[in-house]
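[1] turn this into a model:
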Amino acid sequence: MGSFRKFMAFTTMFTVLLLYLIPTKAQEEGFISAVISSKGLDFTKDLLIEEAISSIIPFELPQIEKSVKIPLIGQVDVALSNITIYSVDIASSYVETGDSGIALVASGATANLSMHWQYSYTTWLFEVTGNGAASIQVEGMEVGVTLALKDQQGSLKLSVLDCGCYVKDISIKLDGGASWLYQGLVDAFGGQIVSAVEENIAKKVDEGIMKLDSSLQSLPKQIELDDIASLNVTLVDNPVLSNSSIEFQINGLFTTPIDDSTSSLDHKGSLNPLPRSAPARMVEISLHEDVFNSVSLVYFNANYMNWIINKIPDQSLLNTAEWRYIVPQLYKQYPNKDMDLNVTVSSQPIITVVNNGIDIIVCSDVTIDVIDDEVIPVACISMHIHASCTPEILRSKLSGIVKLNDFTASLKWSKIGTVHMHLVQAVLSTVLRTVVVPYVNLWLWKGLPLPLPHGFTLHNSETFSTNSRLTVYSDVAFLEQ
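    Numbers count the residues shown, from 1 in each chain. This next block holds a predicted model:
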């Protein structure tokens, strides 16, 4: 069972490596594009073959029985049992993609088998029996399977177009003192052993694909980021197969776990085909800026973008005494009182992917509260914040670092008279740079999970941002335990 689970995980990577690919609706826009390159296909092919072998070894073939006529002896009943494939070596393999599907071929394979044999025949006086062991080597074996990946009624349908196994040659060696006398007898079974190997290997591969297809149907259509946001990982069309890659178009928008709140987004359009002048990596993931805007909308609608700031590095700034020259009336009405800043994002942040980075526009209100036995709002300041984000890959997650570029502030209302905004803006700049931006970066450091099977991570990654989308080019490696 453990080997089969590994085989399923690796095969899932081969067909759905880039984003939990479970389709639901056709004719939708895809905001995440996932491409497995020829390098990625070769990497996955090698893993598939290795794990496929480990999942079926040892593999016992059905018992073979046959009656043969031996000169001077007559009719002899022979049975071959415990025919077991205990090792397989692959000389070469390749994977091909095309309009019709994906072909995976392993050729020049050698398989080693062991078995028990026994015979019996009857003379006019008594019954004669014998038994022993034998070793078998199958050479020049070729195994191939062609798969079709289709969208069927909202699910990714994986079906076998063709599957076969061909054995070029077989040699049998009997063990035992006088077993060579029976070599000719066992050689008569060569054809049946070859047929058994060919038929059962092909059947085993076909069964594995059927189990994988069943597993794909059960994968979730949403991946929860937390209890607030879930990523819609539905495939929106059939995979596009070229002669060197497989490309998937995925919905890729964030929603709440129970509804589709991002439907109100003013989508700018789905992804166009990706340029091919890109680093040679195994996988390529392109995210439209609407992916980031959808997650900002979900958190905004969930009232998650509100903070009460009552502790800062320079705590004296949250006491009215420090504001006596900035807002004299504030200190006069509330001398030496503690304060807090109630920050509320007033509209959904707008995220734009530009050349070499991500631009972020945030509009927020900062209410100044005085703590005097109760919370007393005394003024409100509107801010228009311009920030930028440098994306980074943290193992298998998309992270980033936000930097404050500039902001403007204006007085929205006041209960404490005239407010010198140029002085207030200096205080707010300190709060933004020392409290708000570090808090946002701490949250971003957790990262957005990128779609990789358990046990794998990205390495040698590069990110490029241009023309409304962020693209990640990366190789894939085993996750160190």
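[2] low-confidence ranges, the stretch 151-300 of the chain, go.
    The model of the stretch 151-300 of the chain has pLDDT under 70 over residues 152-155, 176-187, 258-279.
[3] which residues of it fall in helices?
    With DSSP state H, counting those that start in this stretch, the ranges of helices along the stretch 151-300 of the chain come out as 183-187, 190-217, 289-301.
[4] so for Thr44, which of those sits nearest?
    Nearest of the helices of the stretch 151-300 of the chain to Thr44, taken as Cβ to Cβ: helix 190-217 at 13.3 Å. In short, each C-beta sits where N, CA and C put it, glycine included.
[5] and that closest one, what's buried?
    193-194, 196-198, 200-202, 204-205, 208-209, 212-213, 216 (16 or more other Cβ atoms under 10 Å).
[6] turn the helices of the stretch 151-300 of the chain into JSON lines, columns for distance to Leu231.
    Putting the helices of the stretch 151-300 of the chain into JSON lines (distance: least, Cβ to Cβ, whole Å) gives the following:
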{"stretch": "helix 183-187", "distance to Leu231": "59"}
{"stretch": "helix 190-217", "distance to Leu231": "18"}
{"stretch": "helix 289-301", "distance to Leu231": "8"}
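[7] out of these, which gets nearest to Val354?
    That would be helix 289-301 among the helices of the stretch 151-300 of the chain, by Cβ to Cβ, at 9.0 Å.
[8] just checking: what are the partner strands of the helix or strand just after the closest one?
    Going down the chain from helix 289-301, the next helix or strand is strand 306-309, by DSSP states H and E. Sheet pairing for strand 306-309, assigned by DSSP bridges, gives strand 338-345 (antiparallel).
[9] next helix or strand past the strand it pairs with?
    With elements assigned by DSSP H and E, the helix or strand that comes after strand 338-345 is strand 350-354.
[10] and the angle from that next one to helix 289-301?
    Per axes from the mean of the first three to the mean of the last three Cα atoms, to 10 degrees, the angle that strand 350-354 makes with helix 289-301 is 160 degrees.
[11] now do the buried residues in the next helix or strand after strand 350-354.
    Later in the chain than strand 350-354, the nearest helix or strand by DSSP H and E is strand 357-371. Under the neighbour-count criterion of 16+ other Cβ under 10 Å, strand 357-371 has 357-360, 362, 364-371 buried.
[12] helices and strands around strand 357-371, which ones?
    The helices and strands touching strand 357-371, judged by 3 or more Cβ pairs under 8 Å, 6 or more residues apart in numbering; DSSP states H and E, are strand 338-345, strand 350-354, strand 375-394, strand 397-414.
[13] mean neighbour count added to those, as CSV?
    Converted to CSV, these look like this (neighbours: other Cβ atoms under 10 Å):
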stretch, mean neighbour count
strand 338-345, 18
strand 350-354, 17
strand 375-394, 17
strand 397-414, 15
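[14] possible to save the ones you listed as CSV with distance to Ser286?
    As requested, those are exported to CSV (distance: least, Cβ to Cβ, whole Å):
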stretch, distance to Ser286
strand 338-345, 28
strand 350-354, 10
strand 375-394, 12
strand 397-414, 12
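[15] to Lys39, which of those strands lies closest?
    Closest approach to Lys39 among those (Cβ to Cβ): strand 375-394, 17.5 Å.
[16] who does the closest one touch, helix- and strand-wise?
    Other elements packing on strand 375-394 under the criterion 3+ Cβ pairs under 8 Å, 6+ apart are helix 328-333, strand 357-371, strand 397-414, helix 421-431, helix 437-446, strand 456-466, strand 469-478.
[17] let's have these in a markdown table, adding mean pLDDT and distance to Gln118.
    Converted to a markdown table, those look like this (pLDDT from 0 to 100; distance: least, Cβ to Cβ, whole Å):
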| stretch | mean pLDDT | distance to Gln118 |
| --- | --- | --- |
| helix 328-333 | 93 | 102 |
| strand 357-371 | 96 | 73 |
| strand 397-414 | 93 | 60 |
| helix 421-431 | 92 | 88 |
| helix 437-446 | 90 | 65 |
| strand 456-466 | 86 | 48 |
| strand 469-478 | 86 | 46 |
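[18] pipe those into CSV and attach distance to Val291 per row.
    Listed next are the helices and strands packed on strand 375-394 as CSV, based on distance: least, Cβ to Cβ, whole Å:
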stretch, distance to Val291
helix 328-333, 43
strand 357-371, 11
strand 397-414, 10
helix 421-431, 30
helix 437-446, 15
strand 456-466, 13
strand 469-478, 8
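[19] out of those, nearest to Thr97?
    For those, the distance to Thr97 is smallest for strand 469-478, at 17.7 Å, taking Cβ to Cβ.
[20] could you pull out the buried residues of that closest one?
    469-476.
[21] partner strands of it, with direction?
    Applying DSSP bridges, strand 469-478 is found paired with strand 283-288 (antiparallel), strand 456-466 (antiparallel).
[22] most neighbours per residue, which of those strands?
    Highest mean neighbour count among those (mean count of other Cβ atoms under 10 Å): strand 283-288, with a mean of 25.
[23] Leu104: which of the buried residues of helix 190-217 is nearest?
    Val205 (9.4 Å).
[24] surely that closest one touches Val143?
    Yes - the pair Val205 / Val143 is scored as a contact, 6.8 Å apart, by Cβ atoms under 8 Å.
[25] would Ala133 count as being in a strand?
    Yes - under DSSP: H, G, I helix; E, B strand; the rest coil, Ala133 sits within a strand.
[26] ok, now how distant is it from Ala409?
    Ala133 is 88 Å from Ala409, where distance means Cβ to Cβ, to the nearest Å.
[27] Ala188 now?
    94 Å.
[28] try Leu149
    Remark: distance between Leu149 and Ala409 (Cβ to Cβ) = 54 Å.
[29] next: Glu247.
    Distance, Glu247 to Ala409, by Cβ to Cβ: 46 Å.
[30] do the same with Ser114
    Distance, Ser114 to Ala409, using Cβ to Cβ: 82 Å.
[31] then Ile57?
    Taking Cβ to Cβ, one finds Ile57 at 69 Å from Ala409.
[32] number of residues surrounding Leu297?
    If you count neighbours by other Cβ atoms under 10 Å, Leu297 ends up with 24.
[33] leaving out chain neighbours, which residue sits closest to it?
    In space, and not counting its chain neighbours, Leu297 is closest to Gln348: 5.1 Å by Cβ to Cβ, 6 or more residues apart in numbering.
[34] I'd say that neighbour and Ser294 touch.
    No - using Cβ under 8 Å, Gln348 is not in contact with Ser294, being 9.9 Å away.
[35] higher neighbour count, those two?
    Taking neighbours as other Cβ under 10 Å, Gln348 and Ser294 compare with Ser294 leading, 26 against 20.
[36] tell me how many other residues crowd Lys173.
    By the measure other Cβ under 10 Å, the count of residues near Lys173 is 13.
[37] could you pull out the helices for the stretch 1-150 of the chain?
    Ranges of helices within the stretch 1-150 of the chain are 2-16, 38-56, based on DSSP H, counting those that start in this stretch.
[38] check those for me: which has the lowest mean pLDDT.
    If you rank the helices of the stretch 1-150 of the chain by mean pLDDT, helix 2-16 sits at the bottom with a mean of 40.
[39] list the buried residues of stretch 86-102.
    Of the residues in stretch 86-102, 88, 90, 93, 95-97, 101-102 count as buried by neighbour count, 16+ other Cβ under 10 Å.
[40] same deal with stretch 437-451?
    Buried residues in stretch 437-451 (16+ other Cβ under 10 Å): 437, 440, 444, 447-448, 450-451.
[41] of those residues, closest to Asn306?
    Nearest to Asn306 among the buried residues of stretch 437-451: Val440, at 13.4 Å, using Cβ to Cβ.
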